[in-house]
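# A predicted structure for the sequence below; I have some questions about it.
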Amino acid sequence: MANALFDPGREGFLDGSIDWDTDTIETLLVRAYTFAAADKFETALTGTGTIVSRVTLGSITKTNGVADAADAIWPTVTAGAAIPAIVILSNKGSAATNRLIAYIDTATGLPVTPNGANITAVWDNGANKIFKL
């Protein structure tokens, strides 16, 4: 698989139900989930996979359609099996309403095997940052 945006996430940006700079945008470490472009809500992740940890993104920007934020740090992630992917979503209050935005499984450091220490995602500093619409 390669990094991708969820189709309903794209739709959410266009219809205004996702607002990158005012919504609570979270990053999740996930394992055992198989990406499906049509998945819309967080319940799709928990239906087939496991959410290991989540953090809220800070210092969010959206210049020229490019999504960026401060690097994500998940504190003291419990040791366990490798984590192959990060999912970004807009937290709307519950797993049944949290809108999926992006799936990242191709990046330096992925997969990562947690050992009880912090895990950090250093977002790309190139032209596309986290992702570009």
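Done, it's in.

# which residues in the chain form strands?
For the chain, the strands defined by DSSP state E occupy 4-5, 24-31, 50-56, 66-67, 72-74, 85-91, 99-104, 119-121, 131-132.

# Name the residues of the longest one that are buried.
Residues of strand 24-31 classed as buried under the neighbour-count rule (16 or more other C-beta atoms under 10 Å) are I25, E26, T27, L28, L29, V30, R31. Placement of C-beta: from N, CA and C, glycine included.

# Just the pLDDT at the second one, thanks.
Think E26. pLDDT for E26: 98.

# Quick one: mean pLDDT for the longest helix seen in the chain?
Longest among the helix segments of the chain by residue count, using DSSP state H, is helix 7-15. Helix 7-15 shows a mean pLDDT of 97.

# Does anything pack onto that helix? Which helices or strands?
Packing partners of helix 7-15 (3 or more C-beta pairs under 8 Å, 6 or more residues apart in numbering; DSSP states H and E): strand 99-104.

# pretty sure I73 is touching T120, no?
Yes: if you go by C-beta atoms under 8 Å, I73 and T120 touch, sitting 4.9 Å apart.

# List the residues that contact the residue nearest to L110 when sequence neighbours are not counted.
The shortest distance from L110 to any residue other than its chain neighbours is 6.3 Å, reached at P84 (C-beta to C-beta, 6 or more residues apart in numbering). Residues near P84 by C-beta atoms under 8 Å, 6 or more residues apart in numbering: V30, R31, D105, L110, P111.

# what's near enough to touch the residue nearest the centre of the chain?
When the chain is reduced to its mean C-alpha position, the nearest residue by C-alpha atoms, centre = their mean turns out to be I88, at 1.9 Å. Taking C-beta under 8 Å, 6+ apart as the criterion, I88 is in contact with I25, E26, T27, L28, L57, L100, I101, A102, Y103, I104, I130.
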